[in-house]
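[1] Sequence and predicted structure, then a few things I'm wondering about:
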Amino acid sequence: MIIMKIRDIVSKLELEVIVEADLDRNISGGYVGDLLSNVMARAEEDNLWITIQGHQNVVAVALLAGVSAVVIVEGFEVEEAAVERAEEKGVNILRTPKAAYELIKKLSDIGV
Amino acid sequence: MAGGKRLYSCDLHIHSCLSPCADILMTPGNIIKKAHELKLDIISITDHNSAGNVEVACKMLGDDELIIIPGMEVESSEEIHLLCYFETLEGLQEWEAVVFEALPNRENDEEIFGYQLLIDESDEYCAREERLLAAATNMSVEDIVKKVHQLNGIVIPSHVDRPYNSIIGQLGFIPPELNISVLEISRNTLPEKFFSEYPNLKGYSYIIGSDSHYLDDMQAMIKIGADWLLKITNYLIGR
């Protein structure tokens, strides 16, 4: 089984890199969620976290859950405070204009 | 205090160092001092899901003319922030017990979320709150309004203009059967602008809160009349 890295999906799916922390992080599955309390409880280490939330609390939750990247869908805004925190703490933030459903189909196509 | 025409200068949404996102300098003593500098008449320390620094703040006041309304900012299961105000400290503390039961059993991670510091009467750090306060309770907005009303408190949805953690942001609308009549608007917008974007909300009264996390955030946010002050369980009249 090939383990995909963040770098791989960025190039294959043309994702925008908003914060580059470590694109060599491995990807192990994914979690879709906009309720932070859910994500805190359910997302797993190295998951891709897919969400529309772009505020700074997202960075805290990303760190807690140990996700490999936060992928903001539907081109939602990522707040400056979130970018700063992510840069400071080393959290990958990517973005796509696609909606979550579409993105996940594509991820599945490429073997994530 | 005079009734009727006198207006009180207020900031009813301030976080102390107990809230993990707030600056560690936001001690009750510093908040009170800043309130004096700004010539505020009334403040409320509304920490996330807790009231641990409110009693000590009230004790520090002594004979001070500054009024502290016992309050808290609770987070519903829908991740909506709601300001809760009580007439008495006891009412607030009863509510705090309910909220603590409803919080998930998760420990704070100071590196990630920040410090949650309890302060003593000499305005010194005396303990840390271990439970993570930056979390959603298992109570819905409806549950919260019902329970706070049962304890003679009032609920005002926080910063309804914000896209995050606001009743409008999370639900897209305000459930009409929800028993509230006052909204909080943040500093990020102006009331006129907000109500022109949401004309169907014009029936609500509003307050403006600073949502201070740093001493420099504090401002005289609004002026309210004595009626509301004297009857805290009634709603704001007019704008």
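    Received, thanks.

[2] what about residue B:177, how many neighbours?
    6 (other CB atoms under 10 Å in any protein chain shown). Glycine gets a C-beta too; all of them are placed from N, C-alpha and C.

[3] how about the strands in the chain?
    With no chain named, the answer covers chain A. A:16-19, A:30-32, A:48-51, A:69-72, A:93-95 (DSSP state E).

[4] wrong one, chain B
    Using DSSP E, strands in chain B cover B:7-14, B:42-45, B:67-68, B:71-75, B:81-86, B:117-119, B:125-128, B:153-157, B:182-185, B:205-208, B:222-225.

[5] Residues in contact with the shortest one: which ones?
    It stands for strand B:67-68. For strand B:67-68, contacts defined as CB atoms under 8 Å, 6 or more residues apart in numbering or on different chains pick out B:8, B:41, B:42, B:43, B:44, B:45, B:54, B:57, B:58, B:61, B:229.

[6] and the residue in chain B positioned nearest to chain A, what is it in contact with?
    Of all residues in chain B, the one sitting closest to chain A is residue B:136 (3.9 Å; CB to the nearest CB). By CB under 8 Å, 6+ apart, the contact list for residue B:136 reads A:35, A:36, A:37, B:75, B:76, B:77, B:78, B:79, B:104.

[7] Distance check, the residue of chain A found nearest chain B against residue B:108.
    Of all residues in chain A, the one sitting closest to chain B is residue A:37 (3.9 Å; CB to the nearest CB). Distance, residue A:37 to residue B:108, by CB to CB, to the nearest Å: 15 Å.

[8] Equivalent analysis for residue B:51, please.
    From residue B:51 to residue B:108 the distance is 17 Å (CB to CB).

[9] And these two? Which one has more around it.
    Between residue B:51 and residue B:108, counted using other CB under 10 Å, the more crowded position is residue B:51 (25 against 19).

[10] Which positions in chain B make contact with chain A?
    By the rule CB under 8 Å from any CB of the partner chain, the part of chain B lying against chain A is B:77, B:78, B:79, B:104, B:106, B:109, B:112, B:113, B:134, B:135, B:136, B:164.

[11] Quick one: residues contacting the closest residue to the fourth one other than its chain neighbours.
    Taking CB to CB, 6 or more residues apart in numbering or on different chains as the measure, residue B:104 lies nearest to residue B:135, with 5.4 Å between them; neighbours along the chain are not counted. Under the criterion of CB under 8 Å, 6+ apart, the neighbours of residue B:135 are A:37, A:40, B:49, B:75, B:103, B:104, B:106.

[12] Specify which member of the residues you listed is nearest to residue B:28.
    Residue B:28 has its nearest neighbour among the contacts of residue B:135 in residue B:49, at 17.7 Å by CB to CB.

[13] Surely the closest one and residue B:99 touch.
    Yes - look at residue B:49 against residue B:99 with CB atoms under 8 Å: they come within range, at 5.2 Å.

[14] Which residues are in contact with the closest residue to residue B:10 other than its chain neighbours?
    Nearest residue to residue B:10, sequence neighbours excluded (CB to CB, 6+ apart): residue B:42, at 4.3 Å. Going by CB under 8 Å, 6+ apart, residue B:42 touches B:8, B:9, B:10, B:11, B:12, B:66, B:67, B:68, B:69, B:224, B:229.

[15] From those residues, list the buried ones, please.
    Buried members of the contacts of residue B:42, counted by 16 or more other CB atoms under 10 Å in any protein chain shown: B:8, B:9, B:10, B:11, B:12, B:66, B:67, B:68, B:69, B:224, B:229.

[16] How about the residues of chain A by chain B?
    A:35, A:36, A:37, A:40, A:41, A:53, A:55, A:57, A:60, A:63, A:64.

[17] how about the residue lying closest to residue A:25 once chain neighbours are set aside, what does it touch?
    Closest residue in space to residue A:25, ignoring its immediate chain neighbours: residue A:68 at 3.9 Å, by CB to CB, 6+ apart. Each residue near residue A:68 by CB under 8 Å, 6+ apart is listed here: A:6, A:25, A:26, A:27, A:28, A:46, A:47, A:48, A:92.

[18] What's the PyMOL syntax to select whichever of these are buried?
    The PyMOL selection below is limited to those of the contacts of residue A:68 classed as buried (16+ other CB under 10 Å):
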select buried, chain A and resi 6+25+27+28+46+47+48+92
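
[19] What's the local residue count around the nearest residue to residue A:42 once chain neighbours are set aside?
    The shortest distance from residue A:42 to any non-neighbouring residue, by CB to CB, 6+ apart, is to residue A:31 (6.2 Å). Using other CB under 10 Å, residue A:31 has 16 other residues around it.
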